[in-house]
Structures are given as C-alpha cells and as structure tokens.
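Student: Take a look and give me a structure for this.
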Amino acid sequence: MAFEKPDPGTVLKTVVKLLAISLLVGWAITFFEITPEDIFRDFGKTVRAVYDAAKNAIEWSAGYIVIGAVVVIPIWLILTVVNAFSKGRRRD
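Tutor: You can find the predicted model right below:
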C-alpha cells in the first residue's frame, strides 16, 4: 500500500486548526483553574473537577432556560400557527 504525498496546504490548515482548538481548550481548562500539573498529578480529580464545573454551569443556566421558555415557547407557537394560517389564505 503506497501513501500519497500530503498536500502542504492541507497539512498547514490542519496544523492551524489543531493550534486554534488547543488554544481554546487550554483557555477553557485554565478558566476552571486547572493546571497541566494538576492534570498529570491526579487525573481522576481533574475529571471530577471538570465534571463538577460543567454540572454547576448546567444547573445555573437551567433555571434561566426554563423561565425564558415559559415566555418564548408560547410566543413561538402562536407565531407558527398564525403564519401557517396566513400562508393557507394566500394560496386561496
């Protein structure tokens, strides 16, 4: 099986994407005050810390989502029904 020579442009794009993703992930990890030493020293605690932070973020946002949905969903439903009826009348 012969390997094709990779296109330098594709390789460069891939490297840039990996660098950008690494930057974002690194920023997110430091946002949660996790250092590389923490990750390697005790991987289990690191995973637990990330899980706890994500869980706290979801718990914090869930209340706001529900409150917003109480207003947004009925308005969306009314607009959808009104638009469906108005399109039906235009066809007549």
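
Student: Which elements pack onto the helix or strand bottoming out on mean pLDDT in the chain?
Tutor: One helix or strand of the chain scores below all others by mean pLDDT, DSSP states H and E: helix 36-41, with a mean of 79. Under the contact definition 3 or more CB pairs under 8 Å, 6 or more residues apart in numbering; DSSP states H and E, helix 36-41 sits against helix 43-91. C-betas here are computed from N, CA, C, even on glycine.

Student: thinking again about what came up before, name the surrounding residues that touch the least confident helix or strand of the chain.
Tutor: 29, 45-46, 49 (CB atoms under 8 Å, 6 or more residues apart in numbering).

Student: so can I have JSON lines of these showing pLDDT, distance to P36 and neighbour count?
Tutor: JSON lines is the format used below for these (pLDDT from 0 to 100; distance: CB to CB, whole Å; neighbours: other CB atoms under 10 Å):
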{"residue": "I29", "pLDDT": "84", "distance to P36": "8", "neighbour count": "17"}
{"residue": "K45", "pLDDT": "81", "distance to P36": "14", "neighbour count": "12"}
{"residue": "T46", "pLDDT": "76", "distance to P36": "10", "neighbour count": "18"}
{"residue": "A49", "pLDDT": "85", "distance to P36": "14", "neighbour count": "17"}
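
Student: Of all pairs in those residues, which one is the farthest apart?
Tutor: I29 and K45 (13.6 Å; CB to CB).

Student: Next one: I39 from A54, what distance?
Tutor: Look at I39 and A54: by CB to CB, to the nearest Å, they are 16 Å apart.
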